[in-house]
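Undergrad: sequence first, predicted coordinates after that:
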Amino acid sequence: MKKILLRAALVMMTAGAARLQAQSALTWDDCVKEASTHNLDLLSAEQSLKAADDNHLATLGQFFPQVSFTASTGRSGLGGLDDALSSPDYGQNASLSLSAKEDLFVFNDFTSVDQSNAQLDVSRAQLQQAKAQLSHDLKTDFYGLLYAQKQIDLLQTIVDRQKNNMDLVGMNFKGGTDNKGSYLQAEAAYAEAVFELNQAHRGLRVSQKQLDQVLGRSPMDAVEVQGDFENPSLSDSSPDFVSLTLQTPAHRQALAQLHQAESQFTSSQGAFLPTLQANASLSHNGPTFDESLHEWEAGISLNIPLFTGGEHFFNMQSAGESKKGSEDALKSSDLKTEGSLENAYASYEDAVDQIQVLQSQLTAAQTQEEIGKAEYLNGLLIFVNWNQLENALTSQQKAMLSGLLSVETSEAGWELTQGKGVIP
């Protein structure tokens, strides 16, 4: 028994020290702000979008003239390196060249821009999904840590209650009004409560690390949160799952991938079309730059593909099949998303409705425990029956706290399926 008391005291001292070492408790808004700035997955998705945007701008450069300048000088002849630098038998040459090229008609220039637009849409949808995932992870980890903190407070209350009950039964045992079995059972209940408290402290450290990771903190620390569980109410009408499906990142990404496939198919058709290009150049060639001769050249070139061994034809066939596959993938994605939305919302409804039931059960268990304890003190109830009421109260208190967490996690899942969240 002394070991149990010592362990309980040690747990309370450790909890107090941890609270002192922790930074000031973070609110929900604090966590949203920090995660929006430092979460590594979100930063990676934002960089991918920037890369896609830069690639889109790069494709627009195809419609501008391509201008280049070249300058070269050298000596050539037979002999060694020393002769090359000094012998008059070696010839000397120098050249300057300025050239410009403009595509008058290259069909695939247009399709490449269309493909880069589609890839940009894919990156936007991926960023939206990354924000929704971060919002989900942040909510589950924030309330998971809040749950761990409140669980420790609850279990500490249960430890104190079980200790008082054990002392009461021990006093009755010594006074001859109860038996040794009752005392041993009360002692075992107290030991179990202490174990669960120790276990909760270990779980608290795990929850702290999980929230640290989502916040992008390195090195991790003993973060603490403050707040309370919300108890939201449900709307009387069910959501329009079909309409919500069309707003999800999954739909937008599948739609953008279809646009990519359509653009690739159009590009494969463009391989059969002629290309028209204009070019001009101004050059100076001679022994030295001072003695160079001026040359000017300009022209227009037309290229008509006649036979490429079937390459263009089979590329078009392949692109057409890919387009059909993307159409089917979009339909499949929408069907799965609609089903996931209904399932996620049903889970959220269950969690919200269950809270009312758990609250009623908790109120009943508290009332029965109070009556049972009074009857035991007056000798109207044996320990076994009173202990059942104590266990029922403990179970309902734990179930109520778990139910509050379930509401938050199921709401986070519902928001994730929609592709929504708190991350701006």
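TA: Ah, there it is.

Undergrad: for residue 403, helix, strand, or coil?
TA: helix (DSSP: H, G, I helix; E, B strand; the rest coil).

Undergrad: show me the contacts for it.
TA: Contacts of residue 403 were listed using CB atoms under 8 Å, 6 or more residues apart in numbering, and they are 351, 354, 355, 358. To be clear about C-beta, it is placed using only N, CA and C from the backbone, and glycine gets the same treatment.

Undergrad: try 7 Å this time
TA: 354, 355, 358 (CB atoms under 7 Å, 6 or more residues apart in numbering).

Undergrad: helix or strand right after the least confident helix or strand in the chain by mean pLDDT?
TA: Across the helices and strands of the chain, mean confidence by mean pLDDT, DSSP states H and E is lowest for helix 2-21: a mean of 47. Scanning forward in sequence from helix 2-21 by DSSP states H and E, the next helix or strand is helix 28-38.

Undergrad: on the C-terminal side of that following helix, identify the next helix or strand.
TA: Following helix 28-38 in sequence, per DSSP H and E, is helix 40-60.

Undergrad: give the other helices and strands that that following helix contacts.
TA: Applying 3 or more CB pairs under 7 Å, 6 or more residues apart in numbering; DSSP states H and E, we find helix 40-60 packed against helix 107-175.

Undergrad: check which residues of the helix or strand that the helix it packs on is followed by are buried.
TA: Sequence-wise, the next helix or strand downstream of helix 107-175 (DSSP H and E) is helix 180-215. For helix 180-215, a neighbour-count test (16 or more other CB atoms under 10 Å) marks 182-183, 185-187, 189-191, 193-194, 196-198, 200-201, 203-204, 207-215 as buried.

Undergrad: repeat that for stretch 260-276.
TA: Buried, per 16+ other CB under 10 Å, within stretch 260-276: 260-271, 275.

Undergrad: how about the CA coordinates for it, as PDB?
TA: Below are the C-alpha coordinates for stretch 260-276, written out as PDB (Å, rounded to 0.1, in the frame of the first residue of the first chain):
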ATOM      1  CA  GLN A 260      -4.400  17.100 -69.200                       C
ATOM      2  CA  ALA A 261      -5.400  13.900 -71.000                       C
ATOM      3  CA  GLU A 262      -7.600  15.800 -73.400                       C
ATOM      4  CA  SER A 263      -4.800  18.300 -74.100                       C
ATOM      5  CA  GLN A 264      -2.300  15.500 -74.700                       C
ATOM      6  CA  PHE A 265      -4.800  13.900 -77.200                       C
ATOM      7  CA  THR A 266      -5.200  17.200 -79.000                       C
ATOM      8  CA  SER A 267      -1.400  17.600 -79.100                       C
ATOM      9  CA  SER A 268      -1.000  14.200 -80.600                       C
ATOM     10  CA  GLN A 269      -3.400  15.200 -83.400                       C
ATOM     11  CA  GLY A 270      -1.400  18.400 -83.900                       C
ATOM     12  CA  ALA A 271       1.600  16.200 -84.800                       C
ATOM     13  CA  PHE A 272       0.000  15.700 -88.300                       C
ATOM     14  CA  LEU A 273      -0.200  19.500 -88.900                       C
ATOM     15  CA  PRO A 274       2.400  21.600 -90.700                       C
ATOM     16  CA  THR A 275       4.600  24.100 -88.800                       C
ATOM     17  CA  LEU A 276       5.600  27.500 -90.000                       C
END
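
Undergrad: between the contacts of residue 403, which has the most around it?
TA: Counting neighbours by other CB atoms under 10 Å, residue 358 comes out on top of those with 19 neighbours.

Undergrad: nearest residue to the residue positioned nearest the centre of the chain in space, please, no chain neighbours.
TA: Closest residue to the average C-alpha location of the chain: residue 133 at 3.4 Å, with CA atoms, centre = their mean. Spatial nearest neighbour of residue 133, chain neighbours left out: residue 416 (6.5 Å); criterion: CB to CB, 6 or more residues apart in numbering.

Undergrad: do I have it right that the one you found meets residue 134?
TA: No. Counting by CB atoms under 7 Å, residue 416 stays clear of residue 134, with 9.8 Å between them.

Undergrad: angles on the backbone of the residue lying closest to residue 226 once chain neighbours are set aside, please.
TA: Spatial nearest neighbour of residue 226, chain neighbours left out: residue 25 (3.9 Å); criterion: CB to CB, 6+ apart. The phi/psi pair for residue 25 (degrees, to the nearest 10) reads phi -60, psi 140.

Undergrad: what is the neighbour count of residue 25?
TA: Neighbours of residue 25 (other CB under 10 Å): 14.

Undergrad: swap in residue 386?
TA: When counting by other CB under 10 Å, one arrives at 25 neighbours for residue 386.

Undergrad: wasn't residue 229 part of a strand?
TA: No. Residue 229 sits outside any strand when classified using three-state DSSP, being coil.

Undergrad: got the contact list for it?
TA: 143, 404, 408.

Undergrad: just those residues now: which is nearest residue 330?
TA: Checking these against residue 330 by CB to CB gives residue 408 as the nearest, at 32.7 Å.
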